[in-house]
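Q: just the structure for this:
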Amino acid sequence: MLLNCDMGESFGVWEMGVDEQLMPHIDLANIACGGHASDPNVMSRTLALAKQHAVTVGAHPSYADIAGFGRRSIPYQTDELTRLLLTQIGALDALCQFHELNLSYVKPHGALYNDMHKQPAIFEAVCKALTGLNKVPQLMVHATQCHGFISELAEKYQLSLIKEAFCDRRYLSDGSLQARSQTGAVLSTKEHILEQVDLLLTQQSLRCADDSLLEVEADTLCVHGDNQAAVKLVQAIKQQIQRSKKD
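A: Below you'll find the model as predicted:
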């Protein structure tokens with residue numbers, strides 16, 4: 001089980017996250033590329049940090065929404081969205097070449113990530129962007145929502161999927177995430193988060209808001225790291241994964 005984390009989300013003099021402390025403990029870095037955060041200098045520094053710690057690099061594009069941090073849905077025409085994503089991913093890919101790194105995958109951010117799992121046209125726009133690159137990267141998707149049109153379109157465009165689950169989010173029995181506006185949607189204690197990770201590692205399942213068990217086949221776990229407490233939590237999750245390998 002690999003750990004992925006959103007990285008490089010600073011912008012100019014505004015800093016977000018503790019990337020230098022987190023990078024040694026993750027496997028996959030989802031690097032912002034100008035849609036919701038980041039700029040050429042931030043991207044370059046983050047890539048250098050990933051290279052230093054031998055972390056696999058992925059692009060983290062979004063709607064063009066720096067003011068809203070990519071959390072607002074924007075109704076682009078599908079061809080416009082494809083071009084927007086190509087611009088962001090292509091910029092990071094160029095910097096990857098400069099740093100002698102490979103761009104291995106793409107994980108859309110925020111509202112775009114949510115929308116592509118609900119609307120086939122948006123997901124297809126993402127697929128077209130990836131297949132428009134010289135070297136087609138993998139696409140990271142929600143592990144519990146990669147059936148139906150997601151799997152059909154991925155097969156149509158011959159895209160390889162990376163399936164992710166979330167360490168700190170409460171799920172509903174249909175596989176969707178509980179809305180953040182609802183109490184308990186975000187697991188806030190280390191104990192509860194590690195319990196969820198343990199279920200995912202040992203039983204390939206997690207406990208939903210209604211107390212039912214949901215089967216989840218995931219390749220990677222998403223961790224969030226925007227403060228000092230998060231660093232210790234990610235370290236604990238990494239240790240838990242290493243123990244599970246020995247068992």
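Q: what are the ranges of the strands in the protein?
A: 2-7, 28-32, 56-60, 103-106, 138-142, 161-166, 205-207, 213-215, 220-223 (DSSP state E).
Q: so, low pLDDT: which residues of this structure?
A: Scanning the chain with the threshold set as pLDDT under 70 gives 225-228, 247.
Q: tell me what angle the longest helix seen in the chain forms with strand 56-60.
A: Identified as the longest helix of the chain according to DSSP state H is helix 78-98. With axes from the mean of the first three to the mean of the last three Cα atoms, to 10 degrees applied, the angle from helix 78-98 to strand 56-60 works out at 150 degrees.
Q: burial count for G68?
A: Burial of G68 is recorded as 15 neighbouring residues (other Cβ atoms under 10 Å). (Each C-beta comes from the backbone N, C-alpha and C, glycine too.)
Q: residues touching it, list them.
A: Under the criterion of Cβ atoms under 8 Å, 6 or more residues apart in numbering, the contact list for G68 reads H36.
Q: how about the backbone phi and psi for it?
A: Its backbone dihedrals place G68 at phi -100, psi 10, with angles given as degrees, to the nearest 10.
Q: now the one 3 residues further on
A: Reported as degrees, to the nearest 10, the phi and psi values for R71 are phi -100, psi 10.
Q: isn't it right up against L112?
A: No: checked against Cβ atoms under 8 Å, the pair R71 and L112 is beyond contact range at 9.7 Å.
Q: neighbour count winner among these two?
A: Using other Cβ under 10 Å as the criterion, R71 and L112 rank with L112 on top: 27 against 15.
Q: distance of the more buried one relative to R170?
A: Here L112 is placed at a distance of 22 Å from R170 (Cβ to Cβ, to the nearest Å).
Q: the most centrally placed residue in the chain and V216: what is the separation?
A: Taking Cα atoms, centre = their mean as the criterion, K107 is the residue nearest the geometric centre of the chain, at 4.8 Å. Distance, K107 to V216, using Cβ to Cβ: 17 Å.
Q: which ones are touching L153?
A: Taking Cβ under 8 Å, 6+ apart as the test, what L153 contacts is P120, F123, E124, C127.
Q: excluding its backbone neighbours, what's nearest the second one?
A: In other words, F123. Sequence neighbours aside, M116 is the residue nearest to F123 in space, at 4.3 Å (criterion: Cβ to Cβ, 6 or more residues apart in numbering).
Q: so that neighbour versus V234, what's the distance?
A: In this structure, M116 lies at 26 Å from V234, with Cβ to Cβ as the measure.
Q: cool, Y113 as well?
A: For Y113, the distance to V234 - Cβ to Cβ - is 20 Å.
Q: looking at those two, which is more packed in?
A: Neighbours were tallied for Y113 and for V234 using other Cβ under 10 Å; the higher tally belongs to V234 (23 against 19).
Q: so how many other residues sit close to G34?
A: Summarising burial for G34: neighbours were counted as other Cβ under 10 Å, giving 22.
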